[in-house]
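[1] Take a look and give me a structure for this.
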Amino acid sequence: MTPSIRSIFASSITAVGVLLAPVQSQAAITLGVDFSAYLATSLGSVPGLTPNYGGLTFLNNSTILIGGAANTAGGQLNTIGVTRDGSGHVNGFTGSATAFGSVGTFNDGGVTFGPGGVLFTSQWPANKLGQTKPGSLVEDKVIDLATFGVAGSHAALNFVPSGFGGAGQMKLVSWSGGQFYTATYITDGAGTYDIAAVSQEDLGAAPGIQTVLGGPEGFVYIGAGNSGFSVNSMLISEYSAGTVGAYDVDANGNPLVDSRRDFLTGLTGAEGAAIDPLTGDFLFSTFGGGSQVVVVQGFLRPVSTDVPEPGTLALLGLALMGLAAVRRARG
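    Down below sits the predicted model:
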């Protein structure tokens, strides 16, 4: 396939990074002025994982799922074991990356578990959303998001966790335009989910529909009460800007662009985003920039990382099942 502009750009950055490796250090990663209480540490590259890296999430407390060969047809999610220090913080990797079945084609910044334990994966530049059922090692369903008006191309997703306004809602973002969406999803009766509708969110008070700047990728939710966060918030890996931004969120779990603050600067290719369920640490991967994983300590342990079920939407899904003659088990 013809390399994408983003892949060419990342390859160039990686080549430069190799040349400058002796002077490139963790000191280049700088915390924003409001976030000096945190500690950011690079864990380096994942042993055996093909660069460039896509998104990541925790499979369990001792294993991470992370994308390799991101944004390509040969992209692949892999598992890698992690080690922890005496306080429980992830401080390294153990073993070598192992393919997670055949999941991960065109993987990008969005790799996350959602309702029903389904694994959701963003596909860039395909503009699609993959779903893998618990126990499966293939993407059981793939939805073309272009048919719902999602701007090319969808890059990352997450679900609003319990304790936040809009809990349970599915949120999507596109790279590079930063369009941010809420997707209404319903059960399909086969263990995965259909998308019923997608609506773009207006993220600011200025005229027109405001979007996330900086080339957004993976994002996570941060509860009020963490140092530097007086209200419920979001961290977004901003690939194009080489930053991680901190945003207040509104009553529906959407980032407010006028509230943006630098959380981390001095990055190259910030890509994925995940919360350690054991410690509350923030982890992100990089697409290029040495293809590495960075862990940020200093957050409170989350009370819950569960994603609420769709609730009334599930009942709507059952009603639709009764009317439909044929249900699609795989997209």
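[2] Asn61: neighbour count?
    By other Cβ atoms under 10 Å, 13 other residues sit near Asn61. Bear in mind the C-beta positions are built from the backbone N, C-alpha and C, glycine included.
[3] Could I get the contacting residues of it?
    Residues near Asn61 by Cβ atoms under 8 Å, 6 or more residues apart in numbering: 277-278.
[4] Also Pro302?
    Each residue near Pro302 by Cβ under 8 Å, 6+ apart is listed here: 161, 223, 275, 277, 280.
[5] which among the residues you listed gets closest to Val293?
    Nearest to Val293, judged by Cβ to Cβ, of those is Ile275 at 13.7 Å.
[6] Quick check: beta-bridge partners of the residue nearest to that closest one when sequence neighbours are not counted?
    Counting by Cβ to Cβ, 6 or more residues apart in numbering, Ile275 lies nearest to Val220, which is 5.2 Å off, once chain neighbours are set aside. For Val220, the beta-bridge partners under DSSP bridges are Leu235.
[7] Just send the contacts of Pro302 back as CSV, with pLDDT too.
    Formatted as CSV, these follow (pLDDT from 0 to 100):
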residue, pLDDT
Pro161, 96
Gly223, 97
Ile275, 98
Pro277, 96
Gly280, 98
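[8] what two of these are the furthest from one another?
    The distance between the two most remote of those (Cβ to Cβ) is 13.5 Å, for Gly223 and Pro277.
[9] Out of the contacts of Pro302, list just those in strands.
    Ile275 (DSSP state E).
[10] Can you flag the buried ones in the contacts of Pro302?
    Among the contacts of Pro302, the ones that count as buried by 16 or more other Cβ atoms under 10 Å are 161, 223, 275, 277, 280.
[11] Is the first one in contact with Ala167, as I believe?
    Yes - at 6.5 Å, Pro161 counts as touching Ala167 under the criterion of Cβ atoms under 8 Å.
[12] Gly75 and Val118: what is the separation?
    19 Å (Cβ to Cβ, to the nearest Å).
[13] before we move on, what about Leu77?
    Distance, Leu77 to Val118, by Cβ to Cβ: 14 Å.
[14] Please apply the same query to Asn252.
    According to Cβ to Cβ, Asn252 stands 22 Å off from Val118.
[15] In terms of packing, which of the two has more residues around it?
    Val118 (21 against 14).
[16] contacting residues for that one?
    131-134, 191-193.
[17] Alpha carbons only: can I get the strand or helix carrying Ala197 in PDB?
    Following DSSP states H and E, one finds Ala197 within strand 193-200. Presented in PDB, the C-alpha positions along strand 193-200 are these (Å, rounded to 0.1, in the frame of the first residue of the first chain):
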ATOM      1  CA  TYR A 193     -22.800  -3.500  19.300                       C
ATOM      2  CA  ASP A 194     -24.400  -1.600  16.400                       C
ATOM      3  CA  ILE A 195     -24.000   2.200  16.000                       C
ATOM      4  CA  ALA A 196     -27.400   3.800  15.800                       C
ATOM      5  CA  ALA A 197     -26.300   7.400  15.300                       C
ATOM      6  CA  VAL A 198     -23.200   9.700  15.600                       C
ATOM      7  CA  SER A 199     -23.400  13.400  16.400                       C
ATOM      8  CA  GLN A 200     -20.500  15.900  16.400                       C
END
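[18] Show me how far it is from its chain's centre.
    Remark: strand 193-200 is offset 18 Å from the chain centroid, using Cα atoms, centre = their mean, to the nearest Å.
[19] Give me the contacts around that strand.
    Identification of contacts with strand 193-200 by Cβ under 8 Å, 6+ apart yields 114-116, 118, 129, 131, 141, 143, 145, 148-150, 172, 179-188, 209, 310, 313, 316-317, 328.
[20] Buried members of those residues into PyMOL, please.
    Per 16+ other Cβ under 10 Å, the buried members of those correspond to this PyMOL selection:
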select buried, resi 114+115+116+118+129+131+141+143+145+148+150+172+179+180+181+182+183+184+185+186+187+188+310+313+317
